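A.B. asks: sequence plus the predicted model coming up.
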Amino acid sequence: MQRKKIIALILIALVAIMIIDFRINDEDAVADFFMQFETESIKNISNMPNVALNDERRSPQAIRKSSFSYNASDLENFIIDNPVGSVDIQGHDKDTIEVTYEVKVYSSSKEAAEEFVEKIGIIYGEPNGTFELEVQAPRPKPTNIRAFEVDFDILAPKDLYIKLANRYGNVKVQNFINGLDLEAKYNSTIVNFVKGDIEINNEYGSLNISDLDGKIYIDTSYNQNNFRNIQGSLRIDTAYTDNRLEDVYADTELRGRYGGGRFENLKGDLDLDIRYMGLDLLDIEGAITGSMEYGEISIESLSNDLDVTSRYADLKVWMVEDLRDLNVDVRTRYGNLRSDLSLSKTKEDSTEMINGQIGAGTTDLKIDARHADVQLVYEN
C-alpha cells in the first residue's frame, strides 16, 4: 500500500511538471490534451493562470505547404530537428532527398497567423557530407500566436544514417540500412525495417518497433511499448512503461523501474535488472539471469539456465517436462518455497532451500530470494 501511495504522488508530480512545461514553452499544439487532466490542486502547484481548451488549438488559422528535392548522391548522414509537429520518413532506392512539408499556425487572429506562417523557416544545407534539415521560428513568439507545428513527409536514400529529433507529434521511420539515432517525445512513434546501430529515446506516448536488425539500444519512459521481430542485440532501459516483446532473436537486457510487461518467444539470453515491475516471461529459449526487486515474476516453459536474485518479488516458474538434468541451488529467506523437483526441501531458521544435482546437472537452476515466495512446477 505504501508503494502505491508513493507511485501516485510521483504521477501527480509528473502531470504538474508537464503542464508547467507546456505553459512556459507555449509551443505545443496538442498541449490541451494533457491540460484537460489538470485539477485545482495542480493549478495551485503550478501557480499559473489556467489555460482552457479553445478553438485556437482545434484548427489552424494559416497553413503553408511546400516541397523540394535535393541530390544526395554524396551524402552519408541526414539530420532532422523538428521542435513541434510530425515526421514520416522512408528510405528508397533513389539518390535524392524528397521533402514535402506543411506549416500550421494556431491563433485567434487569421491575419496574425498568415503573417507568422511566412516567418517560419524550413532551413536545409549540406555541411561535410551531412544533410541537415531544421525548423526556425521567431523567438519570442508574438502573444497573439498560440502555437505552430510542422509536418514532414520525407523520402531519402535508404543507405543514409538518420538522426532525428521530434517533439509533440507522431513519428514514423522505416526502410533504412545504416542505422538510426531517434529522439521522440509525446505521441506515437513507429520504427520498422531498420538495420545497423540503432538508438531510440522515446517518452510520453507509444513506441512500436518491428523488423529491426543490429545493435539496438532503447531508452523509454511513461510509454506503451510493443516490440517484435528483433535481431542482433537489444538493450532496453525503461521507467513507468508497459512492455510487450515478441519474436526477439537477440540477446536482451532489460533495466526496468516501475511498470510491467510480457516477453514471448525470445531466442537469445535474457538479463534482468528490474524493480517494482510485474513481468510474464514465456518461451525464453536462452538463459535467464539478473536481479528483481518488488513485484511478481512468472516464467513459463523454462528450458535453460535460470540464475536470479529476488527481493520482495514473488517468483513462479513453470519448467518444461524434459528439464531434468539440473544443478539446483534454490533458497528463500522469509518466504515459502514450493517445488516439484525430486530433491528434498530443508529448512534452517527462516530459510527454506533445495540443493543438489538431478541427472547430469547440465542446467543451472539457481534462485536466491528474500521476502519472496518461490514456486517451481513442471508443466503438464
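C.D. replies: Everything's here; your move.

A.B. asks: when you work out contacts or count neighbours from here on, use the C-alpha atoms and nothing else.
C.D. replies: OK.

A.B. asks: where in the stretch 1-150 of the chain is pLDDT low?
C.D. replies: Across the stretch 1-150 of the chain, the ranges flagged by pLDDT under 70 are 1-58.

A.B. asks: what distance do you get for P127 to M353?
C.D. replies: Computed with CA to CA, to the nearest Å, the distance linking P127 and M353 is 65 Å.

A.B. asks: of these two, which one has the most company?
C.D. replies: Comparing P127 with M353 by other CA atoms under 10 Å, the one with more neighbours is M353, at 21 against 9.

A.B. asks: that one: which element?
C.D. replies: strand 351-358 (DSSP states H and E).

A.B. asks: can you list contacts of that strand?
C.D. replies: 324-337, 342-347 (CA atoms under 8 Å, 6 or more residues apart in numbering).

A.B. asks: do that again at 7 Å, thanks
C.D. replies: 324-334, 337, 343-347 (CA atoms under 7 Å, 6 or more residues apart in numbering).

A.B. asks: so which residues of the stretch 51-200 of the chain form strands?
C.D. replies: 62-71, 77-82, 85-92, 96-107, 121-125, 130-136, 145-157, 161-167, 171-176, 180-195, 198-266 (DSSP state E, counting those that start in this stretch).

A.B. asks: quick one, the longest one and strand 180-195 angle?
C.D. replies: Pointing back at strand 198-266 there. In terms of direction (axes from the mean of the first three to the mean of the last three CA atoms, to 10 degrees), strand 198-266 departs from strand 180-195 by 50 degrees.

A.B. asks: with only the CA atoms kept, save the helix or strand following strand 198-266 in PDB.
C.D. replies: Reading on from strand 198-266 to the C-terminus, the next helix or strand found by DSSP H and E is strand 270-284. Extracted in PDB, the C-alpha atoms of strand 270-284 (Å, rounded to 0.1, in the frame of the first residue of the first chain):
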ATOM      1  CA  LEU A 270      17.700 -12.500 -21.100                       C
ATOM      2  CA  ASP A 271      19.500 -10.400 -18.500                       C
ATOM      3  CA  LEU A 272      17.200  -8.600 -16.000                       C
ATOM      4  CA  ASP A 273      17.700  -5.700 -13.600                       C
ATOM      5  CA  ILE A 274      14.100  -4.700 -12.600                       C
ATOM      6  CA  ARG A 275      12.400  -3.000  -9.700                       C
ATOM      7  CA  TYR A 276       8.700  -2.500  -9.000                       C
ATOM      8  CA  MET A 277       7.700  -4.400 -12.100                       C
ATOM      9  CA  GLY A 278       5.400  -7.300 -12.900                       C
ATOM     10  CA  LEU A 279       6.700  -9.500 -15.700                       C
ATOM     11  CA  ASP A 280       5.500 -12.500 -17.600                       C
ATOM     12  CA  LEU A 281       8.200 -14.500 -19.500                       C
ATOM     13  CA  LEU A 282       7.000 -17.100 -22.000                       C
ATOM     14  CA  ASP A 283       9.200 -19.400 -24.100                       C
ATOM     15  CA  ILE A 284      12.600 -17.800 -23.300                       C
END
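
A.B. asks: can you give me the angle strand 270-284 makes with strand 198-266?
C.D. replies: Interaxial angle, strand 270-284 versus strand 198-266 (the same axes, to 10 degrees): 40 degrees.

A.B. asks: buried sites along the strand holding M353?
C.D. replies: Neighbour-count burial for strand 351-358, with 16 or more other CA atoms under 10 Å as criterion, is recorded at 351-355, 357-358.

A.B. asks: chain center to that strand, what's the gap?
C.D. replies: 39 Å (CA atoms, centre = their mean, to the nearest Å).

A.B. asks: check which helices and strands the very next helix or strand once past it is in contact with.
C.D. replies: Toward the C-terminus, strand 351-358 is succeeded by strand 363-370 as the next helix or strand (DSSP H and E). In this structure, strand 363-370 makes packing contacts with strand 306-319, strand 326-333, judged by 3 or more CA pairs under 7 Å, 6 or more residues apart in numbering; DSSP states H and E.

A.B. asks: can you list the ones you listed in CSV and add distance to G91 and mean pLDDT?
C.D. replies: Below are the helices and strands packed on strand 363-370 laid out as CSV (distance: least, CA to CA, whole Å; pLDDT from 0 to 100):
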stretch, distance to G91, mean pLDDT
strand 306-319, 41, 95
strand 326-333, 49, 94
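
A.B. asks: how about the ones you listed in TSV, adding mean neighbour count?
C.D. replies: Output for these, formatted as TSV (neighbours: other CA atoms under 10 Å):
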stretch	mean neighbour count
strand 306-319	21
strand 326-333	21
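
A.B. asks: need the ones you listed in JSON lines with distance to I97, can you?
C.D. replies: JSON lines is the format used below for those (distance: least, CA to CA, whole Å):
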{"stretch": "strand 306-319", "distance to I97": "49"}
{"stretch": "strand 326-333", "distance to I97": "57"}
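
A.B. asks: mind checking these for the one nearest to G295?
C.D. replies: Closest approach to G295 among those (CA to CA): strand 306-319, 4.5 Å.

A.B. asks: tell me which residues are up against the closest one.
C.D. replies: Strand 306-319 is contacted by residues 287-303, 364-379 when judged by CA under 7 Å, 6+ apart.

A.B. asks: can the strands of the stretch 51-200 of the chain go into TSV with extra columns for distance to W318?
C.D. replies: Output for the strands of the stretch 51-200 of the chain, formatted as TSV (distance: least, CA to CA, whole Å):
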stretch	distance to W318
strand 62-71	57
strand 77-82	47
strand 85-92	43
strand 96-107	52
strand 121-125	57
strand 130-136	52
strand 145-157	48
strand 161-167	43
strand 171-176	38
strand 180-195	33
strand 198-266	14
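
A.B. asks: in a markdown table: the ones you listed, plus mean neighbour count.
C.D. replies: Shown next, in a markdown table, are the strands of the stretch 51-200 of the chain (neighbours: other CA under 10 Å):
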| stretch | mean neighbour count |
| --- | --- |
| strand 62-71 | 14 |
| strand 77-82 | 20 |
| strand 85-92 | 21 |
| strand 96-107 | 20 |
| strand 121-125 | 13 |
| strand 130-136 | 17 |
| strand 145-157 | 22 |
| strand 161-167 | 22 |
| strand 171-176 | 22 |
| strand 180-195 | 21 |
| strand 198-266 | 21 |
